[in-house]
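Asks: Give me a 3D structure for the following:
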Amino acid sequence: MTDPTTHRPAEQLDEFLSLVGQTAWKPDADLQAIAEWLPRELGAEVAIVNGAMKTVELSTSGFSERVLEHLEPMLTRLTTGRVASAAMDVGTAQVRLEAVGSELPRRVLVLVGSAPLTRRAAALASHTGGILAALHRARETDRMIRGYQQKAHQLRMAVLMALQAGDPLLARRMTTGAVPELLDCDRLRVHILRCEKDERERIAQAYQDPSGYHGDGLMVRCPVYDEHLVCLIADRDGSGAEAADGLAAVLRDLVADNPHYALGISSAHPLPATAEAYGQARHALAVASNTPGRVAGYHGQEPLERLLPRAEAIEWAGSVLGPLTALPELTTEITRLAMHFHRSGVARVLNVSRNTVTAHLGRAQSALGLDLRDVRCRATLALALGVAALHREVGSIPAQPDPPALEDLLHTRPAAEWGRTFLEPLRDARYHPVHQTLRTWIDANADAQQTARRLGCSRTTVAAHLRTAERRLTRDLLSTGSGVHDLVHALHLSGETPL
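Replies: Here you go, the predicted structure:
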């Protein structure tokens, strides 16, 4: 085997350190270049053998794994720590084995050549094997860290989903032993940060504490919208004031420093009302995206379902949703989510295929007798689901032969006032074209192309009017169904469109 003293040590060291430097900080970099460096220096083929699996993790191109068949007893002694090194003859080949690393089972450096190693060559091989083992260990650590981060994200997502379902107790049970501070507060605000998809995880990790949470907040990558980072932040004093060093202030700073970011903020809600807070934050984000500061809080009204007469609303919602009770629970959940997200988004939230979502919606549509492709039918169903979420007794009261009609519920003073207040920001003469576009858009089943044809304008003009309406009405009209549903009811209450 070659004696490494034939090269000057300084040149040898520089070359080796250069190779290590090229791979050490690159998790996906190939270690093969370091392995191939040894044969050039020693005249021997090299392999790193995994002690636990007895498999070759890394080897030079000329290494033959057949030689390992003759090394099995000695490999076991080396991996278990009974011996540190050994030299053997396998046929005409000279084999040197050396355990590397400190944790059991240990890896084994195997060198195969035609002549024994000199002392200096053996020392060089040993040091190189140790560095290769250290690099492997570093990569294993990186994989473990990435695995931990993924599990932490999954746990945060589970907490968010439990809160979205209105069940803080379930969220607490899922996190027994590591309950997030957020669950100890009475109220929270939802912030939605719009940023680059690849930036979400970096931001979440930058402000993550050792427990995998974010102090009294929670940052979760939205499973539906790739550019959304959902942040739940405790509202401890109820004043809405933000701590100078709190997570809410951090989010505002991120928006100020990045011109492509935007932030929507809900009003404070009890933990069981997280879903309502989330909806508000999405509406606020639509407004923020069209304002100079790119930060907006929600300043809209109460949901319409809160203003309907309680007993009659419960009876009406039960009559509408009754057919769903005979269907699988998953069908009901998919139908509920489809009122707020597109079908691909629903599939991602529930980890099912889009075809599965479509099939369940088909069953729900048949059972309900509603055309869920029609925006007015969706608005009616969404209102019934909203009443059911507000009043848990929906469905538990025996069905009446003549339940109230939706028209009867809407023709009340609170509902009429809600509709008038909703459209008030468009009453100014400057916004009459926007108002007209909204009416036509709903009549065209929220189809921008059909709206443009009917109005004799371009789709760009329709989109511009919808963005203006989002800002004026504090509603997300372009990416979520809930804002559109509110618009349908408001236009109907004002007598401008049928239901």
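Asks: When you work out contacts or count neighbours from here on, use the C-alpha atoms and nothing else.
Replies: OK.
Asks: how about low-confidence regions in the stretch 101-250 of the chain?
Replies: Low-confidence segments of the stretch 101-250 of the chain (pLDDT under 70): 237-245.
Asks: now the strands: where do they sit in it?
Replies: For the stretch 101-250 of the chain, the strands defined by DSSP state E, counting those that start in this stretch cover 107-113, 187-194, 217-221, 228-234.
Asks: now for these, which one comes closest to residue 254?
Replies: Residue 254 lies closest to strand 187-194 among the strands of the stretch 101-250 of the chain, at 9.1 Å (C-alpha to C-alpha).
Asks: Report the angle between the closest one and strand 217-221.
Replies: Between the axes of strand 187-194 and strand 217-221, defined by axes from the mean of the first three to the mean of the last three C-alpha atoms, to 10 degrees, the angle is 30 degrees.
Asks: Just give me how far strand 187-194 sits from the chain centre.
Replies: 15 Å (C-alpha atoms, centre = their mean, to the nearest Å).
Asks: CA atoms of it as CSV?
Replies: The C-alpha coordinates for strand 187-194 follow below in CSV (Å, rounded to 0.1, in the frame of the first residue of the first chain):
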residue,chain,number,x,y,z
ARG,A,187,-59.2,33.9,24.5
LEU,A,188,-57.1,34.0,21.4
ARG,A,189,-56.6,35.9,18.1
VAL,A,190,-55.8,34.2,14.9
HIS,A,191,-53.2,35.9,12.7
ILE,A,192,-52.6,34.6,9.1
LEU,A,193,-49.3,35.6,7.5
ARG,A,194,-49.2,35.4,3.8
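Asks: That strand packs against which elements?
Replies: Using 3 or more C-alpha pairs under 8 Å, 6 or more residues apart in numbering; DSSP states H and E, the elements in contact with strand 187-194 are strand 228-234, strand 262-265, strand 269-270, helix 274-288.
Asks: just these: most buried one?
Replies: Ranked by mean neighbour count, the helices and strands packed on strand 187-194 are led by strand 262-265 with a mean of 28 (mean count of other C-alpha atoms under 10 Å).
Asks: strands paired with that strand, and their directions?
Replies: strand 187-194 (antiparallel), strand 295-297 (parallel) (DSSP bridges).
Asks: what's the closest of those to residue 157?
Replies: Across these, residue 157 has its closest neighbour in strand 187-194 (14.0 Å, C-alpha to C-alpha).
Asks: what bits of the stretch 351-499 of the chain have low per-residue confidence?
Replies: 395-400, 480.
Asks: Got phi/psi on residue 196?
Replies: Dihedral pair for residue 196: phi -70, psi 140, per degrees, to the nearest 10.
Asks: Could you count how many residues lie near it?
Replies: When neighbours are defined as other C-alpha atoms under 10 Å, residue 196 has 14 of them.
Asks: again, but for residue 292
Replies: Around residue 292 there are 9 residues (other C-alpha under 10 Å).
Asks: Residue 482 now?
Replies: Neighbour tally, residue 482, other C-alpha under 10 Å: 23.
Asks: Same question for residue 444.
Replies: 18.
Asks: Now do it against residue 426, distance only.
Replies: 20 Å (C-alpha to C-alpha, to the nearest Å).
Asks: swap in residue 306?
Replies: In terms of C-alpha to C-alpha, residue 306 sits 24 Å off from residue 426.
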